[in-house]
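Trainee: I need the structure of the sequence given here:
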Amino acid sequence: MYTNKQIIKISLPILLSLLAQNIIQVVDTAFLGRVGEVELGASALAGIIYIALYTLGFGFSMGSQILIGRRNGEGDYSKIGDIVIQGIIFLLIPALLLIPLLRYATVDLIPGMFESASVATAVSEYLEWRVFGIIFAFTNVMFRAFYIGIARTKVLTANAVVMGLVNVVFDYGLIFGNLGMPEMGIAGAAIASVIAEISSTLFFIIYTKKTVDLEKYGFTSIRFQWAIVKKILDISIFMMAQYLFSIVTWMLFFVLIENYMGERPLAVTNIVRSFYTIFTIPSHALGAATSTMVSNTIGAGRSYQVQSLINRIALISLGVMVVVIVIVAAFPRTMIHIYTDNPSLISDTVLPFYVLISSLPLYSVGTVLFSAVSGTGNTRTALGFEIFTLIFYMAYMWFIIISLRSSVAAAWTTEHVYWFFLIALSFIYLRSGKWKDRKI
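Mentor: Prediction:
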């Protein structure tokens with residue numbers, strides 16, 4: 001049975017790694033906020049388009065992580081290496097296909113999505129460079145799945161620090177033309193992110209070779225084995241679809257903001273999105289740990305302990321989030337100033353900032369419960385919950401943004417709708433106990 005101390009011990013390195021990784025996003029947003037409002041808004045749209053592609057690899061890795069956690073709980077360590085190796089080999093295929101497809105889309109498809117020609121140009125300029133990082137990003141998510149799956153998460157912090165430092169240096173150089181580098185604006189931010197992902201891959205390879213017992217975990221064969229890939233896909237295909245649906249709907253939110261509200265509301269939305277990503281890091285980390293701990297617990301034959309484990313993690317997540325809310329709610333203008341010096345833009349962001357804060361308790365509980373559903377191995381059910389929730393989410397989004405032509409602050413209440421439905425569905429499923437006898 002995992003104690004609260006063990007839950008924190010597993011989750012803390014994930015939290016620190018997420019924090020370090022998201023420094024990249026904060027630095028990108030803060031730097032581009034000094035370049036201009038168009039670049040600030042465009043970086044959000046371009047980033048979400050990239051993440052939509054990234055979720056294919058991330059969803060696959062999450063399915064792999066669940067399998068790794070289950071094998072680790074069973075003590076069947078020799079099968080873990082094959083899951084990691086086959087995952088990396090398999091993900092190289094979509095990565096290599098996505099590069100030419102997205103570069104084509106930046107010229108012929110993406111510009112038509114936006115009302116503002118300036119925003120469209122900036123989005124295309126970012127993506128035509130950013131897409132080259134997809135190969136390394138897909139490799140990194142498999143290493144991340146391995147270390148979280150075996151509950152050896154400290155390495156993630158070190159990796160993220162390296163990645164963050166590399167990104168900050170190249171952002172500073174390539175966006176503004178410092179340190180003898182060319183001034184490239186938003187394209188420089190994209191190139192800096194690619195270089196950071198390459199550094200992350202190199203770190204993982206070197207660290208794994210130096211510190212991991214490769215024979216124990218079965219890192220022996222690099223030939224393609226479809227049977228193992230199929231096993232991973234049986235779980236991960238639903239998670240890949242789940243993450244893709246979720247992020248595409250999230251992207252639609254930003255597109256509608258840009259189309260129906262304009263460049264200033266888009267810039268405000270990007271600032272709020274950046275805060276959202278940062279403030280939810282503790283609960284995100286606990287959610288990632290939940291998936292592994294649930295899978296490990298079931299694999300060890302202790303399904304009867306799962307509900308108690310989930311309840312304790314959810315309470316920890318909510319408690320931490322309350323502390324975050326108390327701290328950040330007191331200094332909204334000071335925090336927004338990180339991203340922009342424009343007093344008008346700061347004032348426009350304050351109310352959406354508070355609306356965002358009000359959704360955080362729902363996020364803190366919802367991400368733990370929903371991660372637990374996936375951790376049981378029933379990813380098909382998790383996908384069903386996601387689709388059902390997104391139907392209501394999109395209907396509400398259409399009503400607020402298009403029908404009512406409401407404010408950015410009102411638009412952000414969509415997060416309350418999303419997490420309310422996901423919490424309700426996940427809670428009912430977990431309490432039903434239907435997941436207890438599922439084999440993976």
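
Trainee: Nearest spatial neighbour of Leu91, chain-adjacent residues omitted?
Mentor: Of all residues beyond its chain neighbours, the one nearest Leu91 is Phe138 (4.0 Å), with distances taken as Cβ to Cβ, 6 or more residues apart in numbering. Bear in mind the C-beta positions are built from the backbone N, C-alpha and C, glycine included.

Trainee: buried residues in the helix or strand hosting that neighbour?
Mentor: Using DSSP states H and E, Phe138 maps to helix 134-149. Neighbour-count burial for helix 134-149, with 16 or more other Cβ atoms under 10 Å as criterion, is recorded at 134-149.

Trainee: What of stretch 197-208?
Mentor: Neighbour counts over stretch 197-208 (16+ other Cβ under 10 Å) mark Glu197, Ile198, Ser199, Ser200, Thr201, Phe203, Phe204, Tyr207, Thr208 as buried.

Trainee: Distance from stretch 170-190 to the middle of the chain?
Mentor: 25 Å (Cα atoms, centre = their mean, to the nearest Å).

Trainee: Between the two ends of that stretch, how far is it?
Mentor: End-to-end distance of stretch 170-190: 10 Å, with Cα to Cα, to the nearest Å as the criterion.

Trainee: picking up where we left off before, what is the nearest of the buried residues of stretch 197-208 to Tyr396?
Mentor: Using Cβ to Cβ, Glu197 comes nearest to Tyr396 of the buried residues of stretch 197-208, at 34.8 Å.

Trainee: Contacts only, for the closest one.
Mentor: Gly133, Phe136, Ala137, Asn140, Met163 (Cβ atoms under 8 Å, 6 or more residues apart in numbering).

Trainee: pLDDT added to those residues, as JSON lines?
Mentor: Formatted as JSON lines, the contacts of Glu197 follow (pLDDT from 0 to 100):
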{"residue": "Gly133", "pLDDT": "91"}
{"residue": "Phe136", "pLDDT": "95"}
{"residue": "Ala137", "pLDDT": "91"}
{"residue": "Asn140", "pLDDT": "93"}
{"residue": "Met163", "pLDDT": "89"}
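
Trainee: avg pLDDT for the lengthiest helix in the chain?
Mentor: Using DSSP state H, we find that the single longest helix of the chain is helix 37-74. Model confidence over helix 37-74, given as mean pLDDT, is 83.

Trainee: and that helix, which residues are buried?
Mentor: 37-73.

Trainee: picking that back up, pretty sure the residue nearest to Leu91 contacts Gly57?
Mentor: Yes. Counting by Cβ atoms under 8 Å, Phe138 touches Gly57, with 3.8 Å between them.

Trainee: and for these two, which residues touch both?
Mentor: Leu91, Pro94, Ala95.

Trainee: And the last one, how far from Ile357?
Mentor: In other words, Ala95. 37 Å (Cβ to Cβ, to the nearest Å).

Trainee: Return the distance of Leu15 relative to Met293.
Mentor: For Leu15 relative to Met293 (Cβ to Cβ), the value is 15 Å.

Trainee: Quick one: the helices in the stretch 51-200 of the chain, in order.
Mentor: Ranges of helices in the stretch 51-200 of the chain, per DSSP state H, counting those that start in this stretch, are 80-108, 117-130, 134-149, 154-176, 186-211.

Trainee: so where is the stretch 301-440 of the chain shaky, pLDDT-wise?
Mentor: Applying pLDDT under 70 to the stretch 301-440 of the chain flags residues 437-440.

Trainee: residues in contact with Leu45?
Mentor: Contacts of Leu45 (Cβ under 8 Å, 6+ apart): Phe114, Val119, Val123, Met251, Phe254, Val255, Glu258, Leu266.

Trainee: repeat for Val368
Mentor: Counting by Cβ under 8 Å, 6+ apart, Val368 has contacts Ser283, Leu286, Gly287, Thr290, Ile310, Ile313, Ala314, Ser317.

Trainee: counting contacts, what elements does the helix or strand that contains the last one pack onto?
Mentor: Counting by DSSP H and E, the element that carries Ser317 is helix 306-329. The elements that helix 306-329 packs onto, with contact taken as 3 or more Cβ pairs under 8 Å, 6 or more residues apart in numbering; DSSP states H and E, are helix 4-35, helix 263-279, helix 281-299, helix 343-375, helix 414-432.

Trainee: one more time with 10 Å, if that's ok
Mentor: helix 4-35, helix 263-279, helix 281-299, helix 332-336, helix 343-375, helix 414-432 (3 or more Cβ pairs under 10 Å, 6 or more residues apart in numbering; DSSP states H and E).

Trainee: Please identify which of those helices is closest to Gln86.
Mentor: Among those, if distance is taken as Cβ to Cβ, the winner is helix 281-299, at 18.5 Å.

Trainee: Distance from that closest one to the middle of the chain?
Mentor: Worked out by Cα atoms, centre = their mean, helix 281-299 lies 15 Å from the chain centre.

Trainee: quick one: it to helix 263-279, angle?
Mentor: Angle, helix 281-299 to helix 263-279, by axes from the mean of the first three to the mean of the last three Cα atoms, to 10 degrees: 50 degrees.

Trainee: ends of stretch 402-418, how far apart?
Mentor: First-to-last residue span, stretch 402-418, Cα to Cα: 18 Å.

Trainee: quick one: buried residues of it?
Mentor: Ser407, Val408, Ala409, Ala411, Trp412, Thr413, Thr414, Glu415, Val417, Tyr418.

Trainee: farthest pair in those?
Mentor: Ser407 and Tyr418 (18.5 Å).

Trainee: Having no further points to raise, I will conclude here.
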